[in-house]
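Q: Quick one, what's the 3D model for this:
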Amino acid sequence: MKVTKAQAQANRAHVVETASALFRERGYDGVGVADLMAAAGFTHGGFYKHFGSKADLMAESAACGIAQTAALSAGLDPSEFVRLYLSREHRDTRATGCTMAALGGDAARQSEAVRATFAEGIEDLLVALNGHGSSLDGEDAAKARAKFIGIFAQAVGALVMSRACPDDSLLADEILTVCRDRILATLGAPATGGGTARNRGKQVGKG
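A: Coordinates of the predicted model:
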């Protein structure tokens with residue numbers, strides 16, 4: 001039976017969403033086209049009906065994952081974002097978490113198109129975090145942007161370092177706690193101490 005245009009678009013979107021989660025979980029080199037299509041419920045041969053190459057899908061799936069994070073971030077106070085981002089829950093859910101932390105290292109070794117997607121994503125996330133920055137001008141706007149670049153870079157780095165430790169490592173939690181409280185102090189928000197932020201049904205990477 002012939003697939004309608006609407007169904008083809010839905011199938012393509014499903015592949016992109018599946019790839020976004022699998023790449024975050026396993027890394028770009030840890031997922032082959034055949035495995036990816038099987039996970040999405042399609043045959044290997046159907047891949048090239050939708051994408052020119054795996055690199056094309058990598059770029060599109062990265063944009064999908066980053067857009068999820070940016071959309072959620074836009075509705076959060078920066079301090080709340082930090083509590084969620086540097087929580088144990090986010091650390092332990094790579095597949096539905098921030099694409100930047102899960103794949104930033106991999107992206108540095110990928111094509112120009114993939115790296116451009118990440119650069120655009122960083123800009124979108126900075127805008128989402130610095131919601132009031134658009135009302136500032138000149139030096140004040142530059143200072144606000146620099147502040148949130150530092151905050152986001154520290155948050156991503158802390159998450160990457162924590163995930164590099166064994167799951168039951170005390171250091172994994174210590175990194176999250178120390179960096180979370182340092183960033184919150186920068187924002188003038190109260191520290192969380194040793195506890196982890198509860199996300200009330202939300203995850204940083206997935207709305």
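
Q: What's the per-residue pLDDT of residue 200 here?
A: On pLDDT, residue 200 comes in at 35.

Q: Actually, residue 192.
A: Residue 192 is assigned 80 on the pLDDT scale.

Q: so what's residue 136 scoring on pLDDT?
A: For residue 136, the model assigns a pLDDT of 62.

Q: Just the mean pLDDT for stretch 152-160, thanks.
A: The model assigns stretch 152-160 a mean pLDDT of 97.

Q: So which residues of this protein form strands?
A: Taking DSSP state E as the criterion, the chain contains no strands.

Q: For it, just list every one of the helices.
A: In the chain, the helices defined using DSSP state H lie at 5-26, 33-40, 54-73, 78-85, 88-91, 99-107, 112-129, 138-164, 170-186.

Q: how about low-confidence regions in this protein?
A: When residues are selected by pLDDT under 70, those of the chain lie in 1, 132-137, 193-207.

Q: if you set the cut-off to 50 instead, what comes out?
A: For the chain, the stretches with pLDDT under 50 are 195-202, 207.

Q: Let me have the helices of the chain in CSV, extended by distance to residue 47 and mean neighbour count.
A: Every C-beta, even on glycine, is put in place using the N, C-alpha and C of the backbone. Compiled in CSV, the helices of the chain are given as follows (distance: least, Cβ to Cβ, whole Å; neighbours: other Cβ atoms under 10 Å):
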stretch, distance to residue 47, mean neighbour count
helix 5-26, 8, 17
helix 33-40, 5, 16
helix 54-73, 8, 21
helix 78-85, 33, 23
helix 88-91, 31, 20
helix 99-107, 20, 22
helix 112-129, 17, 17
helix 138-164, 29, 16
helix 170-186, 36, 18
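
Q: a markdown table please, covering those and showing distance to residue 192.
A: Output for the helices of the chain, formatted as a markdown table (distance: least, Cβ to Cβ, whole Å):
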| stretch | distance to residue 192 |
| --- | --- |
| helix 5-26 | 25 |
| helix 33-40 | 36 |
| helix 54-73 | 18 |
| helix 78-85 | 6 |
| helix 88-91 | 11 |
| helix 99-107 | 19 |
| helix 112-129 | 18 |
| helix 138-164 | 13 |
| helix 170-186 | 6 |
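
Q: mind checking which of these is nearest residue 48?
A: Checking the helices of the chain against residue 48 by Cβ to Cβ gives helix 33-40 as the closest, at 8.9 Å.

Q: Show me the contact partners of the closest one.
A: Residues outside helix 33-40 that contact it (Cβ atoms under 8 Å, 6 or more residues apart in numbering): 14, 15, 18, 19, 22, 43, 44, 46, 47, 54, 57.
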